[in-house]
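Asker: How does the following fold in three dimensions:
(one chain, ligands or ions: 1)
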Amino acid sequence: MHFQWYPGHMTKAKRMMQENIKLIDLVIELVDARIPMSSRNPDIDELGKNKARLILLNKSDLAEDRWNDAWAEFFKQKGYAVVKVNSKKGGGMKSIQNVIQEACKEKIERDRKRGILNRPVRAMVVGIPNVGKSTFINSLAGKACAKTGNKPGVTKGKQWIRLNKNVELLDTPGILWPKFEDQMVGQRLAFIGSIKDEILNIEELSAEMITFMREYYPGVLAEKYAITEEEDSYATLSEIARSRHCLVRGNELDTEKAAALFVDDFRNGRLGRITLEFPEQYC
Ligand code: G4P
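Answerer: Numbering: from 1, shown residues only. Model prediction:
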């Protein structure tokens, strides 16, 4: 299968990011903990140079925790501050405030030397579509915060959310599109649902996911669907169809329906916590 990214309003989004990045001290980059590298856009390092950087391993509830820790270490080694989060349930939010102060300590020190005291850190959330940016902003900001409205020196219409006296967050996240020439990256993005399913062949996609599962998580499908994991992924898909009574008229197996069901189980964590890429692949 050949994976292609869907065209979006890329130029507009990139321009918006370039404009906004000038206003901020800290880039909070969300990545999907199941594919921390494949869900990054390489442009962000260029866009965010000279800024403090924080990487959030979001959806960490869907990835294996030992790999979440390994990825956190991987990014820390590269000089990023890192926090594992579950934006949906609010996990990891408490430690973020401290990590932000720590990540911005050079800026705070610079301000202090210039006699500027208590100027809040300004942060922007960025990430690829569907990585959880809005969920994260809502979770971090909660109900307590008030939008601070327009400010002098800030492009008209921009809203800042005051998290506390130390941190302000731009309320619109920066959308980055993933970029890939490597088909493995495309495949992983398709696995987590970041490439529109309409342009994918769902049976082919599920066969590839089954191949991955058999290699890295053997036995999980057998247990979940009470089936035998066959050598051939399409045979396993038929087994899933049989086990889940996915049938078309005449009692024929409906493998397309089984594929959709399996892909949905996978993406929603019903097969357990699954990490799709590993730091050693990037060392
Ligand atoms: P975006 O702004 O970056 O495009 O992403 P958004 O916040 O809309 O989140 C995309 C989907 O990811 C949402 O699911 C959201 O609930 C889910 N999500 C965000 N953070 C987490 C997390 O840490 N863990 C898990 N498990 N899911 C997360 P949805 O299917 O669009 O909606 P719903 O399932 O919440 O109804």
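
Asker: buried stuff in the lengthiest helix in the chain?
Answerer: Longest helix in the chain, counting residues (DSSP state H): helix 202-216. Within helix 202-216, the residues scored as buried using 16 or more other C-beta atoms under 10 Å are I202, E203, L205, S206, A207, M209, I210, F212, M213, R214. All C-beta atoms are positioned from the backbone trio N, CA, C, and that covers glycine.

Asker: I'd like the residues you listed written out as TSV, with distance to I175 and pLDDT added.
Answerer: Shown next, in TSV, are those (distance: C-beta to C-beta, whole Å; pLDDT from 0 to 100):
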residue	distance to I175	pLDDT
I202	26	95
E203	30	96
L205	24	96
S206	28	97
A207	31	97
M209	26	97
I210	31	98
F212	28	97
M213	30	98
R214	35	96
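
Asker: hang on, the earlier thing: the next helix or strand after the longest helix of the chain packs against which elements?
Answerer: On the C-terminal side of helix 202-216, the nearest following helix or strand under DSSP states H and E is helix 220-225. Judged by 3 or more C-beta pairs under 8 Å, 6 or more residues apart in numbering; DSSP states H and E, the packing partners of helix 220-225 are helix 202-216, helix 233-243.

Asker: what mean pLDDT does helix 220-225 have?
Answerer: Per-residue pLDDT over helix 220-225 has a mean of 98.

Asker: ditto for stretch 96-108
Answerer: Stretch 96-108 carries an average pLDDT of 93.

Asker: got the CA positions of that stretch in PDB?
Answerer: Written as PDB, here are the backbone C-alpha positions of stretch 96-108 (Å, rounded to 0.1, in the frame of the first residue of the first chain):
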ATOM      1  CA  ILE A  96       3.700  20.400  33.600                       C
ATOM      2  CA  GLN A  97       3.800  23.800  35.400                       C
ATOM      3  CA  ASN A  98       7.100  23.000  37.100                       C
ATOM      4  CA  VAL A  99       8.600  21.500  33.900                       C
ATOM      5  CA  ILE A 100       7.600  24.700  32.000                       C
ATOM      6  CA  GLN A 101       9.500  26.900  34.600                       C
ATOM      7  CA  GLU A 102      12.500  24.600  34.400                       C
ATOM      8  CA  ALA A 103      12.500  24.600  30.600                       C
ATOM      9  CA  CYS A 104      12.300  28.400  30.500                       C
ATOM     10  CA  LYS A 105      14.800  29.100  33.300                       C
ATOM     11  CA  GLU A 106      17.300  30.700  30.900                       C
ATOM     12  CA  LYS A 107      14.700  33.200  29.700                       C
ATOM     13  CA  ILE A 108      13.500  33.900  33.200                       C
END
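
Asker: what's it in contact with?
Answerer: Contact with stretch 96-108 is made by 25-26, 52-54, 56, 81, 83, 85, 121, 123, 140, 163-164, 166-167, as judged by C-beta atoms under 8 Å, 6 or more residues apart in numbering.

Asker: neighbours around K224, how many?
Answerer: K224 has 17 neighbouring residues, counting by other C-beta atoms under 10 Å.

Asker: quick one: it and G269 touch, right?
Answerer: No: K224 lies out of contact with G269 (C-beta atoms under 8 Å); the separation is 11.7 Å.

Asker: Do a quick rundown of the helices in the stretch 101-250 of the chain.
Answerer: 105-113, 133-141, 183-192, 202-216, 220-225, 233-243 (DSSP state H, counting those that start in this stretch).

Asker: nearest residue to the residue nearest to the spatial centre of the chain other than its sequence neighbours?
Answerer: Nearest to the mean C-alpha position of the chain, by C-alpha atoms, centre = their mean, lies D32 at 2.6 Å. Residue nearest to D32 in three dimensions, not counting chain neighbours: S39, with 4.1 Å by C-beta to C-beta, 6 or more residues apart in numbering.
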